[in-house]
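Chemist: got a predicted structure plus its sequence, pasted below:
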Amino acid sequence: MPKPRHFLDIDRIPVDTLRNLIHRAIEMKRARKSGEVQPQPLVGRTLTMIFDQPSTRTRVSFDVAMQQLGGYTMMLTGTEMQIGRGETIGDTARVLSRYVEAIMIRILDHGMLLEMAESSSVPVINGMTKQSHPCQVMADLMTFEERKGSITGKTIAWTGDSNNVLASWMHAAAQFDFTMKVATPKEFAPRDALRAWIKKSGAKILLGNDPQWAAAGADCIITDTWVSMGDEKEAARRLNILQSFQVNAALMALAEKDAIFLHCLPAHRGEEVSDEVIDGPQSAVWDEAENRMHIQKAILEWCLT
């Protein structure tokens, strides 16, 4: 029996495949917008969506994506499953593989994602872990290339703390050959394991602590919420340290004139981003949110056909 096609992390998949997924997603989006009748290659197939954490975009975008491809979805939470009562993630994967054709899981523990993929005989898709968020960054790449053409050779700026979205952006920098300038407070800089990966990958990733330095000449500025899932206990400390890393009009003015702003949402207006930026003409966040659905359609099609 052939091994299933998992979608776990951007650095695990050949760049040609990643590019084909983006092109396919753009093609699907254009066809749908033009009113063309769309093929439904996943008729009769079921995607189980497992959520250990709350979700708006991941849940709705995967649900609608699967339905547009002709398939079905089933949502489960940790409290509804035997995982919450001691069953291993591996045993859960083995059982679900007998019922459904694909599994999407959103869970903080990256090791549990990998264990599920190792034990599953159907494709497993990383809907988000504490370590990475590959579907989100694939949507970000799609959004950038829709607006500004190929991302290869461009400069991307990150301002904020080091989190899962940043890690997937770093994976993308290695695969798509663009420069990434990362500004974080010293307290929330990339950890040793990620620094070691940067060095090993040879990616054009520059680390610093000055958001003005990162933004200067950038083609895109990205940020994320300063209090991610699992960080709630130190919210006050994080907000205090990160105040000077806000993306506002002054910071955007340092970037290229046609630079765009990206944020995976939900946004905390007045914290990591000002209203004038997220609602301004350089903001691409609403296209970015929509593109989650389109890129995930391409990923589901790739995994299952």
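Modeler: Nice, thanks for sending it over. Numbers count the residues shown, from 1 in each chain.

Chemist: element containing the closest residue to Ala189 other than its chain neighbours, please.
Modeler: Sequence neighbours aside, Ser162 is the residue nearest to Ala189 in space, at 5.9 Å (criterion: CB to CB, 6 or more residues apart in numbering). Glycine gets a C-beta too; all of them are placed from N, C-alpha and C. Using DSSP states H and E, Ser162 falls within no helix or strand.

Chemist: was I right to think Ser162 contacts Arg191?
Modeler: Yes: between Ser162 and Arg191 there is a contact at 7.1 Å, judged by CB atoms under 8 Å.

Chemist: can you map out the helices along the stretch 51-200 of the chain?
Modeler: 57-68, 89-96, 110-119, 134-148, 164-176, 192-201 (DSSP state H, counting those that start in this stretch).

Chemist: could you dump the ones you listed to TSV with mean pLDDT, distance to His23 and mean neighbour count?
Modeler: Converted to TSV, the helices of the stretch 51-200 of the chain look like this (pLDDT from 0 to 100; distance: least, CB to CB, whole Å; neighbours: other CB atoms under 10 Å):
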stretch	mean pLDDT	distance to His23	mean neighbour count
helix 57-68	97	17	20
helix 89-96	95	31	18
helix 110-119	97	25	19
helix 134-148	98	9	24
helix 164-176	98	13	24
helix 192-201	96	24	13
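
Chemist: quick one: which of these is nearest Trp226?
Modeler: Nearest to Trp226, of all the helices of the stretch 51-200 of the chain, is helix 164-176, at 12.3 Å by CB to CB.

Chemist: now do that closest one against helix 134-148: the angle between them, please.
Modeler: Here the directions of helix 164-176 and helix 134-148 differ by 60 degrees (axes from the mean of the first three to the mean of the last three CA atoms, to 10 degrees).

Chemist: what packs against helix 164-176?
Modeler: helix 15-33, helix 134-148, strand 155-159, strand 179-183, helix 192-201 (3 or more CB pairs under 8 Å, 6 or more residues apart in numbering; DSSP states H and E).

Chemist: who touches it?
Modeler: Contacting residues not belonging to helix 164-176 are listed as 9-11, 15, 18, 128-134, 136-137, 140-141, 151-152, 156, 158, 160, 178-180, 182, 190, 194, 197-198, 201-205, 222, 224, 228, 264 [CB atoms under 8 Å, 6 or more residues apart in numbering].

Chemist: also stretch 32-41?
Modeler: By CB under 8 Å, 6+ apart, stretch 32-41 touches 28, 31, 68-71, 301, 304-305.
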